[in-house]
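Asks: can't give you the sequence, but here's the structure:
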């Protein structure tokens, strides 16, 4: 488990750009933090290895007083190129305090959801899904435009 420093974010952002649209959420969280524009306070990025990561977690620090109160504990976004590597990263000590509420937002692949569900159940926890606030997309097709062109560079 590698906790990335701010000076490593440009390389992370560049790598995440290759995985669009699946990496959309983490890409913009990292890019905004890197640019210090619309960035969330208390956000950290953890990868399994660097620079050629296979799994990445963007998480808030629930103990940071500047983290938005709506996160209600941890807020997390995940991206992985391999569900097995995501499982290995989530199994690392210190990735989360699993006794707290953790909101995993916009889980992009059913395999990621299964990894999260197995992890929670293995710890005696439960997963609640809200179709109105969190979702996963089995596949996404964007035609006629580049999603990155919709945002100011």
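Replies: Sure thing, it's come through. Since the model is a prediction, treat every value here as computed from it, not as a measurement.
Asks: Show me the shaky parts of the chain.
Replies: 67-73, 129-153 (pLDDT under 70).
Asks: any idea which element the residue nearest the centre of it lies in?
Replies: Centroid-nearest residue in the chain, with CA atoms, centre = their mean: residue 77, separated by 2.2 Å. Assigned by DSSP states H and E, residue 77 belongs to strand 74-80.
Asks: Mind giving me the packing neighbours of the helix or strand that that strand is followed by?
Replies: Downstream of strand 74-80, the next assigned helix or strand under DSSP H and E is helix 83-90. Applying 3 or more CB pairs under 8 Å, 6 or more residues apart in numbering; DSSP states H and E, we find helix 83-90 packed against strand 55-60, strand 74-80, helix 110-122. Just so you know, the C-beta spots here come from the backbone N, C-alpha and C atoms, and that holds for glycine as well.
Asks: Present these as JSON lines; the columns should include distance to residue 8.
Replies: Shown next, in JSON lines, are the helices and strands packed on helix 83-90 (distance: least, CB to CB, whole Å):
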{"stretch": "strand 55-60", "distance to residue 8": "12"}
{"stretch": "strand 74-80", "distance to residue 8": "16"}
{"stretch": "helix 110-122", "distance to residue 8": "23"}
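Asks: Many thanks, I have nothing further to ask.
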